[in-house]
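# take a look and give me a structure for this.
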Amino acid sequence: INMAKRHPRMISKFRQDAMSMATIDPEVAMSCFYKMPRGGKTIEGPSIRLAEIAASAWGNLKLGSRVIEVSDRQVVAQGVVFDLERNVSYSMETRRSILDRNGNRYNEDMIVVAGNAAAAIALRNAILKAVPAAYIKPIFIQAKKVAIGDAKTLGMRRQAMIEEYAKMGITKDRLLDKVDKVTIEDVGLTELETLAGLFTAIREGETTLEHEFPEARELTPQEKDTQSKAKKQRAELNNLLKACFTRLDLSRVLTGFAATYGVDIWNKPTHHKDGETFQTLFNDHEGRVSDEIKRVMVRIQESKTPEAFDSLLEEFTKHPEL
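Numbering: from 1, shown residues only. You can find the predicted model right below:
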């Protein structure tokens, strides 16, 4: 404590050191943030690596983490940070399940892995309590920019991301399904950020590969044919929409597309299963067609002119869920 008081931290030096370390190259920058879907939303934040960088640059901290409990279902870890300069400490706990998807308890090795992940996350949360978020936020934002790059480096970063996931056994098609895209060329900076953040979340134990990329059931020949046709139609629509620069262009393209595929796509469900109706125009995955979507389809067909469709789009903009 006496040494910390004699050598107090300098905020300007913290910002410079932390920014330099977090953005030293794209690989390090990518490890500084996580992003993953949860409960219909996307959550993101500074990763364990960024917390470690912040702690190193902040200085005058004493920190550590450990597993404090292992039950039949969970492992509990605690992270503690003591700010020697300000004489204040922070303690955070994290719980991780040690049950697999079938409800069976992990073996000893996997319990150790889960405990290490929980301890790292608990320490990260404690560090992010000790180092004010106002100082970490600009570093977090800049790290994402360096990790994702820009339009000039998009192709190279996309290929690098595909290769990183391939090492985990995840194919390009499964990545496209994850970000709801048909071809790799449709993956933009936003989708690349999602995949990069998810990669970090999996690697650091925030989530699991099995949870984010569950094994799909084997499709029937009819379902495979339906999915293949839907992908081709979505690819066609995507190419048409890329050429739209005005609302009038958009209305004409969508009206023409609806007219072309009206009988097979907009009215008929592609298949039935377990009493539910499915179709795949809007998503490569099978998705339930709600009554509201059915009404939207009917109204699209009833819009026979670009002007009518333009009015319909204007109305839909008031309802984000549509």
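# just the strands in this structure please.
33-38, 41-46, 61-70, 74-83, 88-97, 271-273, 276-279, 287-288 (DSSP state E).
# residue 154: neighbour count?
Using other CB atoms under 10 Å, residue 154 has 16 neighbouring residues. Every C-beta, even on glycine, is put in place using the N, C-alpha and C of the backbone.
# just checking, it touches residue 190?
No. The pair residue 154 / residue 190 is not scored as a contact, 11.0 Å apart, by CB atoms under 8 Å.
# can you tell me which of the strands of the chain is most buried?
strand 74-83 (a mean of 21; mean count of other CB atoms under 10 Å).
# hmm, who's touching it?
For strand 74-83, contacts defined as CB atoms under 8 Å, 6 or more residues apart in numbering pick out 55, 60-70, 88-98, 111, 114-115, 118-119, 121-127, 129-130.
# grab the nearest non-local neighbour of residue 49.
residue 31 (4.3 Å; CB to CB, 6 or more residues apart in numbering).
# you'd agree the one you found is up against residue 51?
No. In this structure, residue 31 is not within contact of residue 51 by CB under 8 Å, at 11.1 Å.
# which one's more surrounded, those two?
Taking other CB under 10 Å, residue 31 and residue 51 do not tie; residue 51 has more neighbours (26 against 22).
# doesn't residue 123 make contact with that one?
Yes. With contact defined as CB under 8 Å, residue 51 and residue 123 form a contacting pair (7.2 Å).
# so, low pLDDT: which residues of the stretch 51-200 of the chain?
Scanning the stretch 51-200 of the chain for pLDDT under 70 picks out nothing.
# helices of that one, start to end?
108-130, 133-148, 154-167, 172-178, 189-203 (DSSP state H, counting those that start in this stretch).
# which one of the ones you listed lies nearest to residue 213?
helix 172-178 (5.7 Å; CB to CB).
# helices or strands up against that closest one?
helix 154-167, helix 189-203 (3 or more CB pairs under 8 Å, 6 or more residues apart in numbering; DSSP states H and E).
# pull out the buried positions in that helix.
With burial defined by 16 or more other CB atoms under 10 Å, the residues of helix 172-178 counted as buried are 172, 175-178.
# dump those to JSON lines, plus distance to residue 222.
Output for the buried residues of helix 172-178, formatted as JSON lines (distance: CB to CB, whole Å):
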{"residue": "172", "distance to residue 222": "25"}
{"residue": "175", "distance to residue 222": "26"}
{"residue": "176", "distance to residue 222": "22"}
{"residue": "177", "distance to residue 222": "19"}
{"residue": "178", "distance to residue 222": "25"}
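# for those residues, which one is nearest residue 107?
Nearest member of the buried residues of helix 172-178 to residue 107, counting by CB to CB, is residue 178, at 28.6 Å.
# do you know how far the closest one is from residue 36?
For residue 178, the distance to residue 36 (CB to CB, to the nearest Å) stands at 11 Å.
# list residues touching both of these two?
198, 212.
# for residue 17, give me its contacts.
By CB under 8 Å, 6+ apart, the residues touching residue 17 are 56-57.
# kindly report the same for residue 193.
35, 144, 147-148.
# of those, closest to residue 197?
Ranked by distance to residue 197 (CB to CB), those are led by residue 35 at 2.4 Å.
# look up the closest residue to the closest one, ignoring the ones flanking it.
Nearest non-adjacent residue to residue 35, counting by CB to CB, 6+ apart: residue 197, 2.4 Å away.
# picking that back up, would you list the strands of the chain in CSV and tack on distance to residue 208?
Listed next are the strands of the chain as CSV, based on distance: least, CB to CB, whole Å:
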stretch, distance to residue 208
strand 33-38, 10
strand 41-46, 15
strand 61-70, 18
strand 74-83, 14
strand 88-97, 10
strand 271-273, 27
strand 276-279, 27
strand 287-288, 24
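# closest to residue 222 out of the ones you listed?
Comparing these by CB to CB, strand 271-273 comes nearest, at 6.6 Å.
# just the mean pLDDT for that closest one, thanks.
Strand 271-273 carries an average pLDDT of 44.
# that'll do, ta.
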